[in-house]
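Visitor: below are the sequence and a predicted model for it; my questions follow.
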Amino acid sequence: MSNRWPSQDQFAQLAELNRLFLTYLQGSTTAGLDEVGFPASARKLLLAAPRERLDQVASFPRALFELDLTAEPALVPPDPRSGRAEGARQAMNVMIVHCAWTLSRQSVYQARLLLGLESRVIQQLRALPLGGLHALATAPRIVRCAFASREWLWQELLSADHAEARQRLALVALQPGLDRDWPVRRPVTL
């Protein structure tokens, strides 16, 4: 269990996962955004965000998603003909679950820092055999929006124009307990 700072490759992998999640969100319906818990007040910003903005947001040094391992796996295998949106969700889930499983086995510290995983979730992932990943990833609500109750964070992430603002948000992201302990700010109305 390594406590060393994540490598550039790990930050790059995190950015790719965040970008995958943001792309999924941007292509989702209102029902899809509700299902993952994306804040309603930041939806206009997300939908209007150009590719360059999403790339900036994706470089946030913490996962913009979280894993909910209390979700029940699907009882039947997913139908490959179930639609493009469902296929995209399932592909995203498999990639995120596999990366979380791998990182939790490599370094508990980095799984906490980069993905915001709690000890209980890390232990569940570490105990899961490789063959169990697909069943876990088919749970309909396994991947959720991180910071769902922190609408101000999403609004600032999607609207920060200056490097200084993005750096400040990055420092906020690295604080332990951000999603639990930080006070909720009133959302900015646009």
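Guide: That came through, no problem.

Visitor: separation between the residue most central in space within the chain and A148?
Guide: The centroid of the chain falls nearest to F65 when counting by Cα atoms, centre = their mean (1.5 Å). The gap separating F65 from A148 is 10 Å, by Cβ to Cβ, to the nearest Å. For every residue, glycine as well, the C-beta is placed using N, CA and C.

Visitor: and what of S159?
Guide: S159 is 18 Å from A148, by Cβ to Cβ.

Visitor: again, but for L22
Guide: From L22 to A148 the distance is 14 Å (Cβ to Cβ).

Visitor: so for the two, which sits in the more crowded spot?
Guide: L22 (22 against 15; other Cβ atoms under 10 Å).

Visitor: for this protein, longest helix please?
Guide: helix 84-106 (DSSP state H).

Visitor: what helix or strand does the closest residue to Q26 other than its chain neighbours sit in?
Guide: Closest residue in space to Q26, ignoring its immediate chain neighbours: L46 at 5.9 Å, by Cβ to Cβ, 6 or more residues apart in numbering. Following DSSP states H and E, one finds L46 within helix 43-48.

Visitor: average model confidence for stretch 171-187?
Guide: Averaged over stretch 171-187, pLDDT sits at 59.

Visitor: which other residues reach stretch 59-71?
Guide: 11, 14-15, 17-18, 21-22, 36, 57-58, 96-97, 100, 113-117, 121, 124-125, 136, 139-147, 157, 166, 169-170, 173-174, 178-179 (Cβ atoms under 8 Å, 6 or more residues apart in numbering).

Visitor: span of stretch 133-143 from start to end?
Guide: Its start and end residues considered, stretch 133-143 measures 13 Å (Cα to Cα, to the nearest Å).

Visitor: report the mean confidence score over that stretch.
Guide: For stretch 133-143, the per-residue pLDDT averages 85.

Visitor: what comes up buried for it?
Guide: Buried residues in stretch 133-143, counted by 16 or more other Cβ atoms under 10 Å: L133, H134, L136, A137, T138, A139, I142, V143.

Visitor: residue contacts, A12?
Guide: No contacts exist for A12 under Cβ under 8 Å, 6+ apart.

Visitor: rewinding a little: now do the longest helix of the chain: which elements does it pack against?
Guide: Judged by 3 or more Cβ pairs under 8 Å, 6 or more residues apart in numbering; DSSP states H and E, the packing partners of helix 84-106 are helix 8-26, strand 65-67, helix 108-115, helix 119-127, helix 133-137, strand 143-145.

Visitor: next, count neighbours for the residue nearest to Q26.
Guide: For L46, the count of nearby residues is 21 (other Cβ under 10 Å).
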